[in-house]
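1. kindly return the folded structure for what I paste below:
(chains A and B)
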Amino acid sequence: MPLSSFQIGEEPYYRPVGREVRLFEAAHAARMPVMLKGPTGCGKTRFVEYMAWRLGRPLVTVACHEDMTASDLVGRYLLDADGTVWHDGPLTLAVRHGAICYLDEVVEARQDTTVVIHPLTDERRCLPIEKRNELVRAHPDFHLVISYNPHYQSVVKDLKESTKQRFAAMEFHPADAEAEAEIIGREAGIGPDVARLLVDVGARTRNLRGHGLEEGASTRMLVHAGRLIGNGVSRDDAVTMGIVLPLTDDLDVRAAISDSLRAIL
Amino acid sequence: MGVSVQDLRALAPRGSLGDAAAGRAWAKVNRAGGLPATEAWAGECAVLARVPGAWRVMAAFITESAETTAALGATAVTSARQAVEALLRAGENRGASVLTACLPDLRRLLRDAAAFAEVLDPLAAFVPDAPEAASSLVGSLPKVLPVLGAEGFVPWLTEGRRMFERDPRGLAAYMALSDPRAERAMIRLAGGDRQREIHRAGLFAQSLWGHAPAVRSLGVRSGRVRASLDGDLLHLPALVSGIPREHRRDLWTAVFAHATAHQRFSPSERFAVGRLKPRQVAVASVIEDARVEALALRDFPGLRSFWLPFHQVDPVGPPSAEKLLARLARALIDPGYRDADSWVGKGVALFREADLADVGMAPHLGAMLGNDLGQMRLAFNPKAYVVEPAYRDDSLGLWRWDTENQPPDEEPDTAMESVRPVDGKAPDGVDGGSATPPPAETEVSAVATAPPEGAVEAGAWQVFSYPEWDYLIERDRPDWVTLREQVAPPGDARVFRRLIEGDTALRETLAGTMRAATVGRVTRIRRQREGEALDMDAAINAAIDLRRGQAPEPDIFQSRSVVHRDLAIQLLLDLSQSTVDRLPGGGPRVHEVIRAAASVLAMAMEAVGDACAIDAFQSNGRSRVDYYVCKSLAEPMGTTVQDRLAGPRSQLSTRMGPALRHAGVRLGKARAYRRLLLLITDGEPSDIDMADERYLIEDARRAVRLLGGQGISALAVGVRQGASSPALGRIFGARGITAVDDLSQLPDRLLGLYRRLRA
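-> Below is the predicted model:
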């Protein structure tokens, strides 16, 4: 099977927070393109991995960036000893063989690149490859998923309306305190008390959103701090290294977060 | 050669220094440092004895200097002797006596010889300049030093000298602490970075419960020494009394934490005073403080470590009502505190039994326990009562008085006063409440939203407050300059238009210049004939073609190119009195050239698609810097803008620093890849209240540095500068200035500036 290396063998740890699993399953059943919206580090990618495993489908992930061209998605001719050989890009692979294709942080790519997916997201479900003069009809199991961070406010970088409207959307935000503590405990391998403490610290930083911080600490950052604590680092150092220093360069905000850690303990 | 007690006695007037006293002094020094010490000490005494008039102080000096040598060493005595000598030589006999008499205080306040030198050496140097003021200063030392310490003394002294440069009487009043500015300066210098600490404390409060109150500073003259919470407005005093020095840094954090605890847990409806007596109100306030803190500690147990250090009261000494209140407060929060007093014990027991969620607890317990205080016949003076510990608010915001009972120490109006953002000059201190940091620049605010943008009606001034940099003490003076901003009133543009009329050649050349010096983002251009890297797709296509035996497309490279323009320019025009002069040779007036240059530049910039704003300024002392907005970034060049350019009269002086800072704040709001501030001036900064030429130059230089830190390049065009002015060079850097004698030189000079921008 050509996509065997993209199959997810082990169950990825994912703790549902709402109805997202059922909703995604419904969208998948209809092969409806799905957009996952939410700030960084709150589980979008992990969710897609989980769903791919759960549905038994291979998962092709593409991390989008500004230099990405259509060829990076669709494929290109490469030179080898025998001459030119066509290589399918990740998107084409998924389309041909029926995988879930996950375009992560799709906003990073240029808009003239992202329009490549348009023919796949409507009734046509096909991918034209001009270079080969080929029209690839999507495998019945092909499913397109993208992630999108709406807080990244840039006038230049946004999804076109015509692109956005082709998708159904699901919103992700940091889990509630209990769920988040569970996630952190599990991912970082630490006890529930420490996990709850980190959740508390995260909540303090989220209160500062718009008051010196663009974003509060993501769950991922809290997991980092947790892992450091699990490796024997002191709580103060772990919070500083995993949360405070990456979040901000503003000395006053840093002092405020450190003080709030002190207030929690 | 040894020094004998007799020798010592001989230094003082006969009979003034007894044998026993002299003997004790000698022995003390000998015990501390042996023979070398006694010789050094005696040497200093001998030097002093030769000063005319020293006979008045010799006896006292010998004994005190002995103690000083024993405690701190001989160098301390040298500093002391020099200072006393300076006073005597200046004829300030009383000052000399006072200084000698306050040596014990100085020993207590200044821990070592270095600190002695840090204080007394500058004092000695100060005496010849202003003997009377120096004498007053000596008397103030015991009050000034506890607040400032040795390291804060010289800045405070310098501040006073600067403030009263040509006013000896004012200077003496400052040194005597009878001028309120002396105390304000003390507070400012002692308080560390008060604005910054308050800002941090506000962020801290915000992080706890997602909300921080707006802040307003109370002036020194208000006499308030405690914070006061009124709804969502937190009034902060300039000076909080009773704080040990080592806890000063955590003060504001504790203040904010306590205030936000009230906001979170105290009822929104105030308690009615009704028939409660002042002592009952005081007790109820203590209970309520303890209640909200206890609730806060449930959410954040670590807050205890912020509040506990300020509870310093001990369960000893005769009980007064005030002390008992403080002891009750401590007993309710400090788990390790033991108090044998039965009233305190009763209060604690009642508190522990009660339900913390019951908002009626405080008035109820307050009535009961306050009554007990009355039964114990302990006097309570509500007018003199100050809440302890120092981080707690004065509780005025908790209570509602009806017309019969006024609050003990405050008119209701003042207590309930609300603030409007950036509304006008504050009577004292600063209006805070809704300004976004950078904290160094604008009003004190905790955590806030941006002020309402732009749109000021013509004729209405918006008032701002800016710090100024004093290069001598290497510090900003906060809130030193008042700047008022207004949309420029329209004038007659013919004043300068005739200089540009018909000079389309000039405009075209300028536009060409600007297009040539593009500033913008870097983008990739694919399919180029030449470039730094292969364009993969094109290269592969070429290879394919080659294999197929066809001629390949040669454009297989990609290159970087700066294509998009993204530049915002703020022109800042100096319209001071000196610009009324004509250019050499009877040419046009300088201000006409300045306005014309601005107009031409703006038009050219518009032609190539850059955003350009034009502002102008002039000053009349630090309390009045006038700032005129002629063109905002998005506005098109047209007759309206040109009329505004002609509006402000050329007059007054050139205080560059505040204008640069303000222009920077305005430009900072622009979304652009590069932001450039271009000052067009005819000379150096100067102002009527500043004799020191270097001061304003250094302040402007600092402003330019700060702008650089914000990502704003600041450059200057000097009109009527034959060679580059050294002052402008110091402010903007040698590469940041260009001189223009004639409008026709503008294009070339500007191209040079732009090229430097790209570098």
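2. quick check: mean pLDDT of the longest helix anywhere in chain B?
-> Counting by DSSP state H, the longest helix found in chain B is helix B:131-163. In this model, helix B:131-163 has an average pLDDT of 85.
3. grab the nearest non-local neighbour of residue B:234.
-> Nearest non-adjacent residue to residue B:234, counting by CB to CB, 6 or more residues apart in numbering or on different chains: residue B:213, 4.2 Å away. For glycine as for every other residue, the C-beta is placed from the backbone atoms N, C-alpha and C.
4. so the one you found touches residue B:232, yeah?
-> Yes. Contact criterion CB atoms under 8 Å: residue B:213 and residue B:232 qualify, at 5.1 Å.
5. common neighbours of the two, please.
-> residue B:263 (CB atoms under 8 Å, 6 or more residues apart in numbering or on different chains).
6. which of these two has more neighbours?
-> Per other CB atoms under 10 Å in any protein chain shown, whichever of residue B:213 and residue B:232 has more neighbours is residue B:213, with 24 against 12.
7. mind listing residues that contact stretch B:276-286?
-> B:271, B:273, B:321, B:325, B:328-329, B:332, B:347, B:362-363, B:365-367, B:369-371, B:373-374, B:380, B:382, B:385, B:387, B:395, B:398-399, B:408.
8. now, those that are in strands?
-> B:271, B:399 (DSSP state E).
9. report the buried members of the contacts of stretch B:276-286.
-> Applying 16 or more other CB atoms under 10 Å in any protein chain shown to the contacts of stretch B:276-286, the neighbour count classes B:271, B:273, B:321, B:325, B:328-329, B:332, B:347, B:362-363, B:365-367, B:369-370, B:373, B:380, B:385, B:387, B:395, B:398-399, B:408 as buried.
10. about what we covered before: in the following helix or strand past the longest helix of chain B, what counts as buried?
-> For helix B:131-163, the following helix or strand on the C-terminal side (DSSP states H and E) is helix B:168-175. Of all the residues in helix B:168-175, those buried under the rule 16+ other CB under 10 Å are B:170-175.
11. and stretch B:36-55, by the same measure?
-> B:37-42, B:44-45, B:48-49, B:51, B:54.
12. so what's the gap between that stretch and the chain middle?
-> Distance, stretch centre to chain centre, for stretch B:36-55: 44 Å (CA atoms, centre = their mean, to the nearest Å).
13. just the element for the one residue in the stretch 651-759 of chain B that gets nearest to chain A, please.
-> The stretch 651-759 of chain B approaches chain A most closely through residue B:671 (7.9 Å), counting by CB to the nearest CB. Using DSSP H and E, residue B:671 sits within no helix or strand.
14. which pLDDT value belongs to it?
-> 76.
15. near chain A, which residues of the stretch 201-350 of chain B?
-> By the rule CB under 8 Å from any CB of the partner chain, the part of the stretch 201-350 of chain B lying against chain A is B:203-204, B:206-210, B:212, B:253, B:257, B:300-303, B:305-306.
16. same question, the stretch 451-600 of chain B
-> B:524, B:536-537, B:540, B:543-544, B:547.
17. just the buried ones out of those residues, please.
-> Buried, going by 16+ other CB under 10 Å: B:524, B:536-537, B:540, B:543-544, out of these.
18. got TSV for those residues, with secondary structure and pLDDT too?
-> Supplementary listing: these in TSV, determined by DSSP: H, G, I helix; E, B strand; the rest coil; pLDDT from 0 to 100:
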residue	secondary structure	pLDDT
B:524	strand	75
B:536	helix	84
B:537	helix	86
B:540	helix	86
B:543	helix	86
B:544	helix	86
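19. any chance of the residues you listed in JSON lines, plus distance to residue A:82?
-> Formatted as JSON lines, those follow (distance: CB to CB, whole Å):
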{"residue": "B:524", "distance to residue A:82": "32"}
{"residue": "B:536", "distance to residue A:82": "20"}
{"residue": "B:537", "distance to residue A:82": "21"}
{"residue": "B:540", "distance to residue A:82": "15"}
{"residue": "B:543", "distance to residue A:82": "13"}
{"residue": "B:544", "distance to residue A:82": "13"}
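20. for stretch A:49-65, how far is the first residue from the last?
-> 20 Å (CA to CA, to the nearest Å).
21. buried ones in it, by neighbour count?
-> Buried residues in stretch A:49-65 (16+ other CB under 10 Å): A:49-55, A:57-62, A:64.
22. which ones among the residues you listed are found in strands?
-> Residues of the buried residues of stretch A:49-65 located in strands (DSSP E): A:59-62.
23. and which of those is nearest to residue A:166?
-> residue A:62 (17.2 Å; CB to CB).
24. from chain B, how far out is the closest one?
-> 17 Å (CB to the nearest CB, to the nearest Å).
25. from residue A:101, how far off is that residue?
-> 7 Å (CB to CB, to the nearest Å).
26. list residues touching both of these two?
-> With CB under 8 Å, 6+ apart, residue A:62 and residue A:101 have common neighbours A:90-91.
27. now name the helix or strand holding the most centrally placed residue in chain A.
-> Centroid check for chain A by CA atoms, centre = their mean gives residue A:45 as the closest residue, at 3.4 Å. Using DSSP H and E, residue A:45 falls within helix A:44-55.
28. so can I have a markdown table of the ones in strands among the buried residues of stretch A:49-65 showing pLDDT?
-> What follows is those, written out as a markdown table (pLDDT from 0 to 100):
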| residue | pLDDT |
| --- | --- |
| A:59 | 96 |
| A:60 | 95 |
| A:61 | 95 |
| A:62 | 94 |
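29. indicate the residue of chain A located nearest to chain B.
-> residue A:256 (3.6 Å).
30. list the contacts for that residue?
-> So residue A:256 contacts A:208, A:212, B:200, B:203-204, B:206-207 (CB under 8 Å, 6+ apart).
31. switch these over to JSON lines; also include distance to residue B:497.
-> JSON lines is the format used below for the contacts of residue A:256 (distance: CB to CB, whole Å):
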{"residue": "A:208", "distance to residue B:497": "52"}
{"residue": "A:212", "distance to residue B:497": "47"}
{"residue": "B:200", "distance to residue B:497": "52"}
{"residue": "B:203", "distance to residue B:497": "51"}
{"residue": "B:204", "distance to residue B:497": "56"}
{"residue": "B:206", "distance to residue B:497": "52"}
{"residue": "B:207", "distance to residue B:497": "56"}
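32. which of the buried residues of stretch A:49-65 sit farthest apart?
-> Top of the distance list for those (CB to CB): A:54 and A:64, 24.4 Å.
33. hang on, the earlier thing: so for the residue nearest to the centre of chain A, what's the nearest residue that isn't a sequence neighbour?
-> residue A:104 is the one closest to residue A:45 (CB to CB, 6+ apart), at 6.1 Å.
34. how about residue B:234, phi and psi?
-> Per-residue torsions, residue B:234: phi -110, psi 110 (degrees, to the nearest 10).
35. any idea what it is bridged to?
-> Assessed by DSSP bridges, residue B:234 has beta-bridge partners residue B:215, residue B:229.
36. go ahead and confirm it touches residue B:217.
-> No. Using CB under 8 Å, residue B:234 is not in contact with residue B:217; the gap is 10.0 Å.
37. out of these two, which sits in the more crowded spot?
-> Applying other CB under 10 Å to residue B:234 and residue B:217 shows that residue B:234 carries more neighbours, namely 30 against 23.
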